[in-house]
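> missing the sequence, but the structure's below:
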């Protein structure tokens, strides 16, 4: 039973603790992360006295934190969003300061470059102006490199800051894991020390400033933390912290891969988009990377456009211009741990051989040389022993100090045009100010027309709408690689692209077909093929807009050769085999291969099986008509087949040999049937040329079968051998070379025989030998089907480079199998052809021709209307006035026009051309780039101001619940003090009552 003394004593203890709690709140007024504590009291259990329950006072139930989970979560989220904006503001403004400065920005440097070009155009012969132009061109490239270096510095700084933020997050995660382990010692949240919970919440707030987090709280107060959302990567649980790491792309600043446990069980982390870390990542992805890419694209486009023009001009010595600018790769050199920190310098010495592949160099003391490993292919090479300066893959690598054994460096080439741009030319006379070509009116002209010349881009020339580039067929001219192509008079089947070399387009046609090739230029000049009637001519050039509609059809060079050919090209339509040269390398006594002998191998060719045909009529028939085929310039007689006879390779060889004195080509025939011995069916029988093989008993091996065949060679004229690779080979016996071989089975019900072959007749093949070449072409009535009789495919052969696109038609009916072979593309030949001199001659006031002066080839005959521009190669000729028949305009080399300014004017005009993808000029594109970064900085500032309001509200909301208020605590202090005094008064009353009891006698 509680008495008044106990109640008073308990109350004083209760309010003493309440006063201590208030005092603790006041003491921690400025303690970061501290949450106001509240004393919770509870009524003691009353005692029952009869039918009455008498109270027994109160006790301290708990000291709790003033805490609201929603307010805490809102504070974390708003703090994370606010922290996101600051990196964008800081770094975007820095980029604007770097690129937007009038003194150090690119705009002033580009303006100065074009101003110098404009000044030079007024006096191209001036050495001073040429020097000024090179100086300002070099200044512009230096400005590009400087600005790119500043952007790279920002990239490096943000990379370091990301690592710092990740390190901070990992440290906070470790601390949180420690707090979680402390919280694990108690089962419920109410039993946890408030200070430990405050530490937990402060750690969570600090983590949310780095990145947005999702928090899941257990009943004990332990928390599980994930990146971003509930589906994000786990970075801390009840016992463990999981480290976060970052992997940066050297080639793409916008790509940063976040990794959980980068040094352990690596796995991709979820996306981070908020907090300081998210702000840094957003800046790199949304601002820095696009800015660097746009800046690089600007540099790359400027270099390409200026170089294209500069290469098309003439320099001060009358030589063709070369590149004014170059873009060198930037090399990221990473040293392995434990290196001697030697300094490596890498330079590109051969751009053609350099392929941008990363590689590693390692010093091997035992070999006294550098070991070089291609990291793409794994190929390993060794530098010269003792070399501190060596070449590799178009690069020169120099090392400035003695390396240690095993010292290793990884070298990764990076494509950063703005960082690698440099000027190539240093000689003022190397500036290509003049046009390579000029137009001169013939002094005999009677018309009033005057001509001006302008160089245009190659892509303005005609290209064909239809027809696959022969490259799409694969570089394999064999019959097995053929693709079925249907005949079509309206659309080209193929296009031989300009720059193609050593081209062969092979056609396999059915016997007796009318299929053929036709090759034409865009100006309707018929180069190879067969004569066409007017309707066919019109049809061929009508279905593809790549043909110049103003051009007239011309067959002047159809199948012409030598100096009579179109542009003196080496063209063949038919079949061609040429002699080849073989290098036989000589090995010296020391084992060094340092010399060779050239052996010329005469032309040779082997056919497929010749046509097999029976003449069942009573009169001879022509397989190939007279003059249908021409061999090495000699028309061949008719190839006839007598009544009741069957064609054979032997007869065709005799026919070809009858013309050998004139053609210089000899022919031999053979018939070889070769099959895998494993395909022999020993349960079947065999007849060869109607002679049964064997005595009827079953044979069990290829050798037995070959012996059985050879026992009757005198009757079959066929010999059998088993090759070392276990193949059975049948061929004609001596004196019967090229004769047909008929395989059959004495069992008339069987369609196959012991050889596993169908019962049929095999014709032979031809082998041709010539001195320099074996060249079949067609006469007026010849067709590819005539060559098919001889087992030969028809081809288009172009031995030299093709300087313009050629359309290839497959005409006739049905379809042919076509395959292609080709050499490396020769861009130099194409570029040289664009500078060929030519003459425009007016045939009438409505028609003109274009003649290539070097080959005296009429490359085009076109209709003309007053005011039409005349375009050929890269040249556009504009006429002012009226030309008359016979008027000539010569487009010729401008080698002596050193004072010409046509080319430098085109460089000046680049300043105002909308050449960038967004339709802007160089200056406009740069200004837009800077403005875009500035806009993002301004937008981030606006977002920060808005987020600051939200964050301040969240702080106020939390402080209202958890913060310490002096006014409120002072009121509580007075209230608890009064309660304490009242409780003491209860004890005093109890004492007086006790004393009164003691005085009773």
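In hand now; what should we look at? A quick note: this is a predicted structure, and the numbers were derived from the prediction, not measured. Residues are numbered from 1 along each chain as shown.
> so which bits of the helix or strand where residue 301 lies are buried?
Using DSSP states H and E, residue 301 falls within helix 289-311. Neighbour counts over helix 289-311 (16 or more other Cβ atoms under 10 Å) mark 289-303, 305-307, 309-311 as buried. (Glycine included, C-beta is placed from N, CA and C.)
> stretch 779-786 too?
Neighbour-count burial for stretch 779-786 [16+ other Cβ under 10 Å]: 782, 783, 784, 785, 786.
> helix or strand right after the helix holding residue 301?
Per DSSP H and E, helix 289-311 leads on to strand 313-314 as the next helix or strand towards the C-terminus.
> other SSEs contacting that next one?
Counting contacts by 3 or more Cβ pairs under 8 Å, 6 or more residues apart in numbering; DSSP states H and E, strand 313-314 is packed against strand 434-435, helix 902-909.
> the following helix or strand past that strand pairs with which strands?
Going down the chain from strand 313-314, the next helix or strand is strand 325-327, by DSSP H and E. With DSSP bridges as the test, strand 325-327 is paired with strand 421-423 (antiparallel).
> tell me which residues in the partner strand are buried?
Judged by neighbour count (16+ other Cβ under 10 Å), strand 421-423 contains these buried residues: 421, 423.
> for stretch 642-650, same thing?
Residues of stretch 642-650 classed as buried: 646, 647, 648, 649, 650 (neighbour count, 16+ other Cβ under 10 Å).
> same check on stretch 665-682?
Neighbour-count burial for stretch 665-682 flags 665, 667, 668, 669, 670, 671, 673, 677, 680 (criterion: 16+ other Cβ under 10 Å).
> gap between residue 235 and residue 409?
Applying Cβ to Cβ, to the nearest Å, the value for residue 235 to residue 409 is 35 Å.
> looking at these two, which one has more neighbours?
Counted by other Cβ atoms under 10 Å, residue 235 and residue 409 do not tie: residue 235 has more neighbours, with 26 against 21.
> test my guess that that one contacts residue 241.
Yes: applying Cβ atoms under 8 Å as the test, residue 235 and residue 241 come out as touching, 6.9 Å apart.
> which neighbours do those two share?
Shared contacts of residue 235 and residue 241 (Cβ atoms under 8 Å, 6 or more residues apart in numbering): residue 173.
> thinking again about what came up before, put together JSON lines for the helices and strands packed on strand 313-314, with distance to residue 537 on each row.
Shown next, in JSON lines, are the helices and strands packed on strand 313-314 (distance: least, Cβ to Cβ, whole Å):
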{"stretch": "strand 434-435", "distance to residue 537": "37"}
{"stretch": "helix 902-909", "distance to residue 537": "39"}
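> what segments of the stretch 251-400 of the chain are helices?
If DSSP state H, counting those that start in this stretch is used as the criterion, the helices of the stretch 251-400 of the chain fall at 275-282, 289-311.
> how about the strands in the stretch 1-150 of the chain?
Applying DSSP state E, counting those that start in this stretch to the stretch 1-150 of the chain gives strands spanning 37-43, 47-49, 52-54, 58-65.
> count the neighbours of the residue lying closest to residue 126 once chain neighbours are set aside for me.
If the residues on either side of it in the chain are set aside, residue 126 comes closest to residue 120, at 7.2 Å by Cβ to Cβ, 6 or more residues apart in numbering. Each residue near residue 120 was counted by other Cβ under 10 Å, and the total is 27.
> do the same with the one 4 residues further on
If you count neighbours by other Cβ under 10 Å, residue 124 ends up with 23.
> what of the one 3 residues further on?
Residue 127 has 11 neighbouring residues, counting by other Cβ under 10 Å.
> I'd say it and residue 427 touch.
No: between residue 127 and residue 427 there is no contact under Cβ under 8 Å: 10.2 Å.
> how far away is the residue nearest to residue 212 when sequence neighbours are not counted from residue 69?
Spatially, and ignoring its direct neighbours in sequence, residue 212 is nearest to residue 274 (3.6 Å; Cβ to Cβ, 6+ apart). Distance, residue 274 to residue 69, using Cβ to Cβ: 20 Å.
> looking at the two, which is more packed in?
residue 274 (26 against 10).
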